[in-house]
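# Coordinates for the following, if possible.
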Amino acid sequence: MYISLLNIVIDYQSLPTAIQLDGSVQNIQIDSQVPDSPLPIVVYLSPVNKSDEGRHLPALHFGIMKIPSASKNVEILKHFIVTVKNLTINIEEELLYKLYRFLSLASADSEDDNTADVTGLEHQLSKMSSSPQLSRFYVGTLKLTLNQVKLSVQKSIKLRPDLQETKKRLGLSLITFEDATIELDRFCKSHIFETLPFLSGEIVKHYQDELISQAVLILGSTDFLGNPLGFINDVSEGFSGLVSDGNLGGLFKNVTHGAANSTAKVAGSLSYGLSKSSLTEVYDEKRLMIRKKHSDNSRQHLVAGLKGLGFGMLGGLTSLITEPFEGARTEGVSGFFAGVGHGVVGTLTKPAIGVLDFATGAASAVRDSSRSASRGVPFRVRLPRVVQGPAGTLPPFNHKEANGQAWLYLINGKNYAELFVAFEHLGEDLMIVVSSERVVIFKMVEGREKAVQSLGYSDLFTAQPVQAQEGGGVVYYLELVLRSEPVPGLAAPPTVKRPQVKCNSGLTAHHVASKINIAKYQYEERRQVVLPQQSN
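Residues are numbered from 1 along each chain as shown. Take a look at the predicted model:
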């Protein structure tokens, strides 16, 4: 994750009678660095309207005053006050498990110990909290304020085996819901004298109780119910704008957004449940890949819905043929008869799921196009970084490379198995992306990328910079030397094609040619490696 804190202001004063620390952070945002994350912004400030009096206040403000103590095991704080503005928190299941593993909470030693006694652990923490050896804190006023949290949870469709093991160990069973508005009472204590573990335990218990007390709000925001509370909030926000500002268009947009959002969630939940109970895993993965590739905006959602409808109709027409054949290929005679059963079921369910996918895509397109400014989600502060350089190591963050990686995944339909190598502006409106599998030269046409040339390394012999005299000056080109297969039946030797692309400088031509050749060598090395399971 990438944590961004803007406009940090800290005032520190050290006096003989007290030490005072005051500070503020104007804006807080935490971005997921997982490229295909459905919830790319993990934490951000909830949008506010113009009538909110606290809209200009900082996101975080804290004030601490410490008084000198004569005892080594006693810390005296006159006050400890932390105030946080309303936050929106998005929790994605896959990212949650990845963070758990990253923080070494699921280390090898702890995973082997399956007999951990939770009650015994709580007893140890209780003894630790009351230990006379720990420092104790006297706090005149302890106040923590976070009034409202808009909480969303996204359940992952498919987890890697290692993350599935982490899920089993944690014992979590998440449900998908969106924008559950949770009102939190402040944590406020006066004149307390306790250890730090005891205080932290009290704070955690307070906010756990607050979440449990508002479980009905989370239930009313779940996807399988169509997020009824979200629809009510949309309608009430629209009527509020109509009454206060006479905004009739805002009312229409909010009602449309709420209805489309509920429709998309109900249809998506139905298609998910029906597919899990009736479709084979391979077919379901292809269907979900269509939705994953087209999820960037309202237009893409509609494209995904149309493709899902066509995929479902085609699957229903061919199910009685493809399923028995696939079953016989993988499992023999028993697989054939099992495939006949899957084919009969698929003939009925695949078109139905295709219709539900179309309804989900169309409703999602309407929802995104009618989203009001008050429900806007900020953009990532920083694009996901390139995590594997040419040498296989983690390179320093580079904005140009991160931007090039985003272009690559946009061009290849979010195929994350294809690794980014290099990105460069060649000149005018042409750009080039070098990946582990190919070289793509493209340009922008009407706001969308359009590939001019895509060359796999099996067709590419080498790349080299060349220069020519044109118009009284030197012009630099990137020359791609391509292999050409001989024509069957002809004795003529194969020709060599040498397409050239104009570059804005000689340095660019040399740099891009070097990157292409490095990627080409690595591709050939991977292609010729004999894997251990293939050596026997």
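# show me where this protein has helices.
93-102, 108-112, 118-129, 161-170, 196-213, 215-219, 228-245, 248-278, 281-293, 298-331, 333-369, 399-411, 506-527 (DSSP state H).
# In a markdown table: the ones you listed, plus distance to residue 499.
Heads up, the C-betas are built off the backbone N, CA and C, glycines and all. Below are the helices of the chain laid out as a markdown table (distance: least, Cβ to Cβ, whole Å):
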| stretch | distance to residue 499 |
| --- | --- |
| helix 93-102 | 42 |
| helix 108-112 | 52 |
| helix 118-129 | 66 |
| helix 161-170 | 44 |
| helix 196-213 | 61 |
| helix 215-219 | 58 |
| helix 228-245 | 53 |
| helix 248-278 | 45 |
| helix 281-293 | 29 |
| helix 298-331 | 31 |
| helix 333-369 | 39 |
| helix 399-411 | 19 |
| helix 506-527 | 13 |
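# would you turn those into CSV with mean pLDDT and distance to residue 376?
Listed next are those as CSV, based on pLDDT from 0 to 100; distance: least, Cβ to Cβ, whole Å:
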stretch, mean pLDDT, distance to residue 376
helix 93-102, 87, 22
helix 108-112, 48, 41
helix 118-129, 50, 42
helix 161-170, 86, 31
helix 196-213, 90, 26
helix 215-219, 78, 22
helix 228-245, 72, 13
helix 248-278, 77, 12
helix 281-293, 74, 23
helix 298-331, 82, 14
helix 333-369, 82, 11
helix 399-411, 91, 21
helix 506-527, 92, 38
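# Now distance to residue 431 and mean neighbour count too, for these, in TSV please.
Listed next are the helices of the chain as TSV, based on distance: least, Cβ to Cβ, whole Å; neighbours: other Cβ atoms under 10 Å:
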stretch	distance to residue 431	mean neighbour count
helix 93-102	30	17
helix 108-112	45	9
helix 118-129	55	11
helix 161-170	35	14
helix 196-213	47	14
helix 215-219	45	14
helix 228-245	40	17
helix 248-278	34	19
helix 281-293	21	16
helix 298-331	21	18
helix 333-369	27	20
helix 399-411	7	18
helix 506-527	11	17
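# Can you say which of these is nearest to residue 81?
Nearest to residue 81, of all the helices of the chain, is helix 196-213, at 13.6 Å by Cβ to Cβ.
# Enumerate every residue touching residue 214.
The neighbours of residue 214, taking Cβ atoms under 8 Å, 6 or more residues apart in numbering as the test, are 180, 182-183.
# switch the cut-off to 6 Å
residue 182 (Cβ atoms under 6 Å, 6 or more residues apart in numbering).
# ok, now residue 430?
So residue 430 contacts residue 443 (Cβ under 6 Å, 6+ apart).
# List the beta-bridge partners for it.
residue 427, residue 443 (DSSP bridges).
# for residue 45, same thing?
Beta-bridge partners recorded for residue 45 (DSSP bridges): residue 87.
# tally of neighbours for it?
19 (other Cβ atoms under 10 Å).
# Check the gap between it and residue 211 for me.
Per Cβ to Cβ, to the nearest Å, residue 45 is found 20 Å from residue 211.
# Tell me how many other residues crowd residue 180.
By the measure other Cβ under 10 Å, the count of residues near residue 180 is 23.
# If it is in a bridge, with which residues?
residue 151.
# which ones are touching it?
151, 217-218, 221.
# Specify which member of these is nearest to residue 510.
Closest to residue 510, out of all of these and judged by Cβ to Cβ, is residue 151, at 51.8 Å.
# The closest one and residue 393: what is the separation?
37 Å.
# Those two: who's more crowded?
residue 151 (20 against 8).
# thought the more buried one was touching residue 88?
No - applying Cβ atoms under 6 Å, one finds residue 151 not in contact with residue 88, separated by 8.0 Å.
# what sits against the residue nearest to residue 342 when sequence neighbours are not counted?
Closest residue in space to residue 342, ignoring its immediate chain neighbours: residue 323 at 4.3 Å, by Cβ to Cβ, 6 or more residues apart in numbering. Residue 323 makes contact with 339, 342-343 under the criterion Cβ under 6 Å, 6+ apart.
# cool, and residue 91?
So residue 91 contacts residue 153 (Cβ under 6 Å, 6+ apart).
# What of residue 420?
By Cβ under 6 Å, 6+ apart, the neighbours of residue 420 are 386, 405, 408, 435.
# bridging residues for it?
Beta-bridge pairing for residue 420 (DSSP bridges): residue 435.
# what about it, distance to residue 288?
24 Å.
# shouldn't residue 351 be in contact with residue 313?
Yes - counting by Cβ under 6 Å, residue 313 is a contact partner of residue 351 at 5.4 Å.
# Quickly list the domain ranges of the protein.
2-112+119-219, 228-375, 399-534 (automatic domain parsing).
# Just tell me which of the ones you listed ends up closest to residue 382.
The nearest among the domains of the chain, by Cβ to Cβ, is domain 2-112+119-219 at 5.1 Å.
# Ends of that closest one, what's the gap?
Start-to-end span of domain 2-112+119-219 (Cα to Cα, to the nearest Å) is 30 Å.
# likewise stretch 84-98?
27 Å.
# got it, and stretch 421-440?
Start-to-end, stretch 421-440 (Cα to Cα) is 12 Å.
# Over it, what's the mean pLDDT, rounded is fine.
What stretch 421-440 shows for mean pLDDT is 90.
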